[in-house]
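Peer 1: Prediction below, plus the sequence it came from.
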Amino acid sequence: QVQLVQSGGGLVQAGGSLRLSCAASGRTFISYVMGWFRQAPGKEREFVAAITPRSFNTYYVDSVKGRFTISRDNAKNTVYLQMSSLKPEDTAVYYCASRVWTGYPLATSRSSYDYWGQGTQVTVSS
């Protein structure tokens, strides 16, 4: 079992920045791919970014490329999502997720991830 506890988020003006954190329990963090998803009101949960266990590779949805950065600190069992140049359309509940690393390609579907954080609201005002 893996427990994911999120922090960060909040209200920010368009063009601003926020950082989300997600701390994982257990001693096998290095075995997991970590991902971030988001869900806007009335929409399905969508993939945002993912990172391989040793940070060799990252993957982003096109809409956040160049603005968001996923990173991880394996010594702290924590994954981060640095969000910059935020837009109102980035408003959503953001979730971190994990799955055991099984090789490429990086999983981007919601059903591929086994463990989820509690979600944190990000609101970008115009």
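Peer 2: Arrived safely.

Peer 1: which residue is nearest the middle of this protein?
Peer 2: residue 36 (2.1 Å; C-alpha atoms, centre = their mean).

Peer 1: Does that one touch residue 95 like I think?
Peer 2: Yes. Between residue 36 and residue 95 there is a contact under C-beta atoms under 8 Å: 7.1 Å. All C-beta atoms are positioned from the backbone trio N, CA, C, and that covers glycine.

Peer 1: what residues do these two have in common as contacts?
Peer 2: By C-beta atoms under 8 Å, 6 or more residues apart in numbering, residue 36 and residue 95 have no common neighbours.

Peer 1: now the strands: where do they sit in the chain?
Peer 2: 4-8, 10-13, 18-24, 32-39, 46-51, 58-60, 68-73, 78-83, 92-100, 115-116, 120-125 (DSSP state E).

Peer 1: Now distance to residue 108 too, for those, in a markdown table please.
Peer 2: Shown next, in a markdown table, are those (distance: least, C-beta to C-beta, whole Å):
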| stretch | distance to residue 108 |
| --- | --- |
| strand 4-8 | 18 |
| strand 10-13 | 26 |
| strand 18-24 | 17 |
| strand 32-39 | 8 |
| strand 46-51 | 4 |
| strand 58-60 | 7 |
| strand 68-73 | 13 |
| strand 78-83 | 15 |
| strand 92-100 | 11 |
| strand 115-116 | 15 |
| strand 120-125 | 20 |
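
Peer 1: if you compare those, which one is most tucked away?
Peer 2: Among those, strand 32-39 has the highest mean neighbour count (mean count of other C-beta atoms under 10 Å), at a mean of 24.
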